[in-house]
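Participant: Whatever this is, show me its structure:
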Amino acid sequence: MNERILMIETSTECCSVALSEGARILARRIDETPRMQSSMLAPYIVEVLQEAGMTADDLDAVAVSEGPGSYTGLRVGVSTAKGICFGARKPLLGIDTLQILACQALTVIPGVTRDFDHIVAMLDARRMEVYAATFDAEGRKCSDTAAVILDETSYSRELEAGRVLFIGTGVEKFQAIRPHPHASFQPCFPLAPAMLQPAREALQKKEFKDVAYFEPFYLKDFVAGVSKHAIL
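Facilitator: Below is the predicted model of the structure:
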């Protein structure tokens, strides 16, 4: 199948967009500048469509990273994807952000070899907390997504059982407290091109989201900070 999918990833500080046709990525845009999703997402979408000579009407679906991740980033990505789907009458696909990282470990990171038995995808939360899930060496999810408080004993079972690749925005703080001969660490943002395989599978299975009611998976409720200038 040569389905055409627009893929949007804004779950972290990074903003990335990719456009695929079948198993090929036709165009991509990536910006790791913090807090640029609101200003860069729409121009990137226009650019990748223009580069491929397409419009939204030519798409078969729009895929968006559904979380967990940044509250603001997820809302920007999901609201933009829903707007395109509503306007162009295209199906919406929601892709697990941690699944994207697992696919990234298998497909798009230069220098990462598949010399591991498990993948642990981690997104940085606060202090020593991460949002994480474990995957097997083929990228199949084998644990629920959870908020994990990291310490020196975290993931001992996986590390004793074999080689583990820790990947994502939360791995550096874990690497600092948990060096292990079976552990390798790949700090990176989840990126839109890595959504290709799960997005194609979701489209083929017609696992569509309700454009009107779909909401990101935040994992935890958003807590707004109190301004230093607030009047008490």
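
Participant: Show me where the protein dips below the pLDDT cut-off.
Facilitator: 108-114, 221-232 (pLDDT under 70).

Participant: Go ahead and flag the most central residue of it.
Facilitator: With distances taken as CA atoms, centre = their mean, the residue of the chain nearest its centroid is Thr97 (3.2 Å).

Participant: That one and Ala199: what is the separation?
Facilitator: Applying CB to CB, to the nearest Å, the value for Thr97 to Ala199 is 13 Å. C-beta coordinates here come from the backbone N, C-alpha and C atoms, glycine included.

Participant: which residues sit in contact with the residue nearest to the centre of the chain?
Facilitator: Glu9, Ser11, Ser65, Glu66, Gly67, Pro68, Gly69, Leu123, Pro190 (CB atoms under 8 Å, 6 or more residues apart in numbering).

Participant: And the helix or strand containing the fourth one, what does it pack against?
Facilitator: With the criterion set as DSSP states H and E, the secondary-structure element containing Glu66 is strand 61-67. In this structure, strand 61-67 packs against strand 4-9, helix 71-88, strand 92-96, helix 97-107, helix 196-204, with contacts taken as 3 or more CB pairs under 8 Å, 6 or more residues apart in numbering; DSSP states H and E.

Participant: starting at the chain centroid, how far to the helix or strand just after the first one?
Facilitator: If I follow you right, that is strand 4-9. Of the helices and strands lying after strand 4-9 in sequence (DSSP H and E), the nearest is strand 15-21. Put simply, strand 15-21 sits 12 Å off its chain's centre (CA atoms, centre = their mean, to the nearest Å).

Participant: partners of strand 15-21 in the sheet?
Facilitator: strand 4-9 (antiparallel), strand 24-31 (antiparallel) (DSSP bridges).

Participant: Next, the angle from the shortest one to helix 196-204.
Facilitator: Looking back up the chat, that one is strand 4-9. Counting by axes from the mean of the first three to the mean of the last three CA atoms, to 10 degrees, strand 4-9 lies at 120 degrees to helix 196-204.

Participant: Could you count how many residues lie near the closest residue to Met36 other than its chain neighbours?
Facilitator: Using CB to CB, 6 or more residues apart in numbering and skipping the chain neighbours, the partner closest in space to Met36 is Cys15 (5.5 Å). Using other CB atoms under 10 Å, Cys15 has 27 other residues around it.
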